[in-house]
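Chemist: Return a 3D structure for these sequence lines:
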Amino acid sequence: MIRVLHVSDLHFHKNQSNNEQLKLTDKIFKAGFGSNDYLLLTGDITDDGDKGQFREATNAVQAFSPRILAVPGNHDYGPVGNFYSESCARYFDNVFCKNLNIPAGFLAKKAPAVTLLSDNQGTEVVAIGLNSNSKTSDITDFARGEVGETQLKALDKILTDARYEGKPKLVYLHHRPQPCSVFLALNDYEDLMSVVHNRVDVLCFGHSGGDLQKDESTAARVMAVREKPYGVRYLLNANSSVAARKYFEITFDQGKLKGVTIK
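Modeler: Numbers count the residues shown, from 1 in each chain. The predicted model follows:
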């Protein structure tokens, strides 16, 4: 059996005393983290991509290494999540991911990170991380993102690869692949959802609250399991995982997706 424990938007600060995120990571670790478990972080691990913030994040999750999956959020790539910084992007790949043995290389180059999870008992899961950040210095872009044509073509190729046929597939990114505020939008979410339609079991993300049925109100920011939207079995938004002090537990067993619960 394989478990993927999904959280997002940890937003680590430099000052450890201000990091409520530690209560969530401590809860996950104390609940039991086995040899076939993986911690999934869907971006905004830090506030500003600052080295001190990354150090705090590293200290908080290093007990889960080497079974951590992660993609960067807009806040990991630069100040206040509005400005792209090449140095922050490289630090995410070359220092943060490398130190924690996270299979997320080349994310700064906008290429999918593919990991085959296995319990050595017949269950294998294809986990695919996407970089949804935009390389922009224009403040008017705010916190919008884009997967991009090149990365979408690469994703399509992965999903049709004969080596992965019949295996459950989990795709994860930071930006929300649904309609949302123009200041937070994933510009090409419709293209992404067209590629994954009826081909992906679970799609994980964070970035902003809300869901398919509600607006951007506070009530809509509560974590919930969304079943069968957009031709994907489960759509999981962990944006409010720190505030709710909860996480998604995604379970795969006997070669199939068993289900999703909130812990």
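
Chemist: Where does pLDDT dip in the stretch 151-263 of the chain?
Modeler: Low-confidence segments of the stretch 151-263 of the chain, defined by pLDDT under 70: 210-222.

Chemist: now the strands for it?
Modeler: For the stretch 151-263 of the chain, the strands defined by DSSP state E, counting those that start in this stretch occupy 169-172, 202-205, 225-227, 234-237, 248-253, 256-262.

Chemist: in the fourth one, what counts as buried?
Modeler: Within strand 234-237, the residues that qualify as buried by neighbour count (16 or more other CB atoms under 10 Å) are 234-237. Glycine gets a C-beta too; all of them are placed from N, C-alpha and C.

Chemist: Show me what that strand is packed against.
Modeler: Judged by 3 or more CB pairs under 8 Å, 6 or more residues apart in numbering; DSSP states H and E, strand 234-237 is in contact with strand 202-205, strand 225-227, strand 248-253, strand 256-262.

Chemist: And the first one, how far out from the chain middle?
Modeler: Computed by CA atoms, centre = their mean, to the nearest Å, the separation of strand 202-205 from the middle of its chain amounts to 7 Å.

Chemist: can you tell me the helix or strand for Val4?
Modeler: Using DSSP states H and E, Val4 maps to strand 2-7.

Chemist: Just the CA trace of the next helix or strand along the chain from that strand, in CSV.
Modeler: Using DSSP H and E, the helix or strand that directly follows strand 2-7 along the chain is helix 21-30. Output of helix 21-30 as CSV, limited to C-alpha atoms (Å, rounded to 0.1, in the frame of the first residue of the first chain):
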residue,chain,number,x,y,z
GLN,A,21,3.2,25.1,10.0
LEU,A,22,5.2,23.1,12.5
LYS,A,23,2.0,22.0,14.2
LEU,A,24,0.8,20.5,10.9
THR,A,25,4.1,18.7,10.0
ASP,A,26,4.4,17.5,13.6
LYS,A,27,0.9,16.1,13.4
ILE,A,28,1.7,14.2,10.2
PHE,A,29,4.9,12.7,11.6
LYS,A,30,3.3,11.6,14.9
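
Chemist: average pLDDT for helix 21-30?
Modeler: Here helix 21-30 scores 91 as its mean pLDDT.

Chemist: I'd like to know which elements it is packed against.
Modeler: Using 3+ CB pairs under 8 Å, 6+ apart, the elements in contact with helix 21-30 are strand 2-7, helix 51-61, helix 241-244.

Chemist: could you dump those to TSV with distance to Val260 and mean neighbour count?
Modeler: TSV is the format used below for the helices and strands packed on helix 21-30 (distance: least, CB to CB, whole Å; neighbours: other CB atoms under 10 Å):
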stretch	distance to Val260	mean neighbour count
strand 2-7	9	24
helix 51-61	21	19
helix 241-244	14	19
